[in-house]
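Trainee: Sequence and predicted structure are below.
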Amino acid sequence: MQILHTAIDRIPRTLASTRRVRQANTSKPHAMQISMGSVQPVSPSNRQRISFLFDELRDGDFSERWSIAKQLAKWGDDVIDGAIALLQKHDNDDELCWFMAQILGNSPSPAAVSALLDLLTHHADKDVKAKAATTLAHLGSVAIAPLARLLEEPQWRLLAVRALAEVQHPDVVDVLLPYSSDTDATVRAEILATFSIFRTSRVLSSLIRGLEDPASIVRREATVGLGLQRDFAEERELVRLLKRQLFDLDLGVCQQAAIALSRLGTVEAVTVLSQTLQSSLTPQPLRLHIVRSISWIETPAALEALRDGLSIDDPDVCGEILDNLGRIQNPQLEAQILQILTQWLDSGHPALKQPRVRRSIALGLKRLGSPAISHFENDPDETVRYHAATEC
């Protein structure tokens, strides 16, 4: 089947950042959306034209079907009966069914929604199921009720959750809440990931409960979600809750906790991140992640936390701090950054013996236009001299 190859577990999911995009197999065409264009009224001659187009769609190759589907999309509801009839007669043609799912998405009618649900739950091909799910989601709020009914059946629950996540309508929260403690960890994680889209107190209890879930994938999604609920940070003591996640047994959870605290961006969050960075019990990979998280906050308190981190006896950590200081482009913080770099350059810290560390300082001083860059003109390392001389 010469269409996008997408498994059910790759149905697009929305996340905070960047987090859920359909992955396309490079051996097949990229995902494409057929534009509806302007919906045209149907005259007797147009009905004849539609009938002819469906015949051509049935017998055409992929490129012909693609072109014809774009034309059929212009008639909206008026092509739904024909699309459903063609589906019923040729449900073993996976490629044709994929195009029918696309065409059905041009109408929010009950018949179209019912046909899409039938494809989603009964068609054997995973590409067709995926197209039906995403098409339903693109119909918006009209898809919530039928997808909610699918939640009642365990075999369709995960697929329904992922489709509902794409709808991105506030009513989705109330539909998913009863299933947030599902026995399937993947379902629980997907629901919490969906909740992270919404800024509402209705999702807080589920997210907080998810922090203690036995499955790490659920704890990760709960951690991410709470980091996006900044409006409730003080009321629900989110910094205190997320601080515990920095010591989770799963490194991925710890890293997401650092990012979540960075998103909250409060002075209390900076303090927690700084203390964890300074702790000798914190593994280096997490320390490096914390450094980046602190730098994203871009406040004077965050810079002081990075300054304190430069006392750590680890060249890699110091280098990461210096790299991130050099990348901050907030004019209001430049004087503080320059002070940190120049003072540390004169500190005699053992990490200064590492060329990588000196390169980081040179790049930062160069970007800030500091005359202290002359310190590196005769550096014994050629790459340090190069970075000191190169224009930013």
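Mentor: Arrived safely. Residues are numbered from 1 along each chain as shown.

Trainee: buried residues in the helix or strand residue 145 falls within?
Mentor: Using DSSP states H and E, residue 145 falls within helix 144-151. Buried residues in helix 144-151, counted by 16 or more other C-beta atoms under 10 Å: 144, 146, 147, 148, 150, 151. C-beta here means a position set from N, CA and C on the backbone, and glycine is covered the same way.

Trainee: what's the answer for stretch 364-383, then?
Mentor: Neighbour counts over stretch 364-383 (16+ other C-beta under 10 Å) mark 364, 365, 366, 367, 368, 370, 372, 373, 375, 376, 379 as buried.

Trainee: Need the three-state assignment for the second one.
Mentor: Right, residue 365. helix (DSSP: H, G, I helix; E, B strand; the rest coil).

Trainee: so what's it up against?
Mentor: Contacts for residue 365 (C-beta atoms under 8 Å, 6 or more residues apart in numbering) come out as 338, 341, 342, 372, 373, 375, 376, 388.

Trainee: And for residue 204?
Mentor: By C-beta under 8 Å, 6+ apart, the contact list for residue 204 reads 226, 229, 232, 236.

Trainee: wouldn't residue 87 be in contact with residue 97 here?
Mentor: Yes: Residue 87 is within contact range of residue 97, at 6.3 Å (criterion: C-beta atoms under 8 Å).

Trainee: Got the domain ranges for this structure?
Mentor: Domain ranges of the chain: 1-167, 170-264, per automatic domain parsing.

Trainee: Could you export these as TSV, including distance to residue 315 and mean pLDDT?
Mentor: Below are those laid out as TSV (distance: least, C-beta to C-beta, whole Å; pLDDT from 0 to 100):
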stretch	distance to residue 315	mean pLDDT
domain 1-167	30	77
domain 170-264	21	97
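
Trainee: Residue 320 contacts residue 288, correct?
Mentor: Yes: in terms of C-beta under 8 Å, residue 320 counts as a neighbour of residue 288; the distance is 5.1 Å.

Trainee: So the two - more neighbours on which side?
Mentor: residue 320 (24 against 20; other C-beta atoms under 10 Å).

Trainee: what's the spacing between the more buried one and residue 367?
Mentor: Using C-beta to C-beta, to the nearest Å, residue 320 is found at 17 Å from residue 367.

Trainee: Kindly report the same for residue 130.
Mentor: Using C-beta to C-beta, residue 130 is found at 46 Å from residue 367.

Trainee: isn't residue 263 right up against residue 231?
Mentor: No: taking C-beta under 8 Å as the definition, residue 263 is not a contact partner of residue 231, at 11.8 Å.

Trainee: Looking at these two, which is more packed in?
Mentor: Legend: neighbour count by other C-beta under 10 Å for residue 263 and residue 231, higher for residue 263 (22 against 11).

Trainee: Compute the distance between the spatially closest residue to that one that is not a sequence neighbour and residue 189, please.
Mentor: Once flanking residues are discounted, residue 263 sits nearest to residue 227: 4.3 Å by C-beta to C-beta, 6 or more residues apart in numbering. Between residue 227 and residue 189 the computed distance is 16 Å (C-beta to C-beta).

Trainee: The two - which one has more neighbours?
Mentor: Comparing residue 227 with residue 189 by other C-beta under 10 Å, the one with more neighbours is residue 227, at 27 against 23.

Trainee: so the more buried one touches residue 258, yeah?
Mentor: No: if you go by C-beta under 8 Å, residue 227 and residue 258 don't touch, sitting 9.4 Å apart.

Trainee: List the contacts of residue 291.
Mentor: Residue 291 makes contacts with 277, 306, 309, 317, 320, 321, 324, as judged by C-beta under 8 Å, 6+ apart.

Trainee: Toward the C-terminus, what is the element adjacent to the lengthiest helix in the chain?
Mentor: Ranked by residue count and defined by DSSP state H, the top helix of the chain is helix 44-59. Later in the chain than helix 44-59, the nearest helix or strand by DSSP H and E is helix 62-72.
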